[in-house]
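1. Sequence and predicted structure are below.
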Amino acid sequence: MPSPRFRGAAVVVSGSLALAVTLGGCAGQEQSGPPAEQLSTWLRDGGGGSGIGNVEVASKNVDLALAQHNKPAAIKEVCALLSNDAQSAIGNLPTPDGQLTAALNAAYEVGTAAGGDCYNGAGGDARLLARSAVERVKLFTLLAAAVRRAAEVTGRTPTTDTTVPPSGGGDPFAGGQ
């Protein structure tokens, strides 16, 4: 059974999604033009690509900390960052594309759960650490599906780079194909 802290996080995640959907009703620049243009604008201005990238990096950092047999406090820190990054990325939703919004929401919910299970298992609960590992694998599958959906809509693979600002005047596909 999840700890009260992470049940509370699930409520925050659900509330964040509801707020994002509600705020999505406010017309913004990403809601004008053809779908590819709308999504490109969201990826550039809405933090979509970097949000995906932040969650990917946070998950990889959990894997690294566990592989290096870091101390429980260090493992808890990277696990908490994964949950926080996933919850922050939910704040970037909705996207201009309903299928992409659903895909990213599913991924970010799994990322939050993976971070929570990892955090709670860092003190030596092998069952929670194993569940977090399974969730992190699922997270990458879901994020890859979301990137594919973005590419279907825009015709280009968006970058998920978190360290280099997009080149070419804010091109959200810099580094993508």
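-> Alright, I've got the coordinates.

2. tell me which strands and helices the host helix or strand of Arg127 is in contact with?
-> In the assignment (DSSP states H and E), Arg127 maps to helix 126-154. Helix 126-154 sits against helix 35-45, helix 48-67, helix 98-121, with contacts defined as 3 or more CB pairs under 8 Å, 6 or more residues apart in numbering; DSSP states H and E. In short, each C-beta sits where N, CA and C put it, glycine included.

3. Now the helix or strand harbouring Val78: buried residues?
-> Assessed by DSSP H and E, Val78 sits inside helix 72-90. Neighbour-count burial for helix 72-90 flags 75-87, 89-90 (criterion: 16 or more other CB atoms under 10 Å).

4. Show me how far it is from its chain's centre.
-> Helix 72-90 sits 11 Å away from the centroid of its parent chain (CA atoms, centre = their mean, to the nearest Å).

5. likewise stretch 43-60?
-> Average the C-alpha atoms of stretch 43-60, do the same for its chain, and the two points are 6 Å apart (CA atoms, centre = their mean).

6. So which bits of it are buried?
-> Those would be 43-44, 46-59, for stretch 43-60 by 16+ other CB under 10 Å.

7. before we move on, what about stretch 115-128?
-> Going by neighbour count (16+ other CB under 10 Å), the buried part of stretch 115-128 is Gly115, Gly116, Asp117, Cys118, Tyr119, Asn120, Gly121, Ala122, Leu128.

8. Next, the distance between the ends of that stretch.
-> This stretch, stretch 115-128, spans 10 Å end to end (CA to CA, to the nearest Å).

9. Over to stretch 64-77?
-> Stretch 64-77 has an end-to-end distance of 12 Å (criterion: CA to CA).

10. hmm, who's touching it?
-> With CB atoms under 8 Å, 6 or more residues apart in numbering as the test, stretch 64-77 has contacts from Val62, Val78, Cys118, Tyr119, Ala122, Gly123, Gly124, Leu129.

11. again, only using 6 Å
-> Here stretch 64-77 makes contact (CB atoms under 6 Å, 6 or more residues apart in numbering) with Val78, Tyr119, Ala122, Gly123.

12. okay if I get these as JSON lines plus pLDDT and distance to Glu109?
-> JSON lines is the format used below for these (pLDDT from 0 to 100; distance: CB to CB, whole Å):
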{"residue": "Val78", "pLDDT": "97", "distance to Glu109": "19"}
{"residue": "Tyr119", "pLDDT": "98", "distance to Glu109": "16"}
{"residue": "Ala122", "pLDDT": "96", "distance to Glu109": "21"}
{"residue": "Gly123", "pLDDT": "92", "distance to Glu109": "24"}
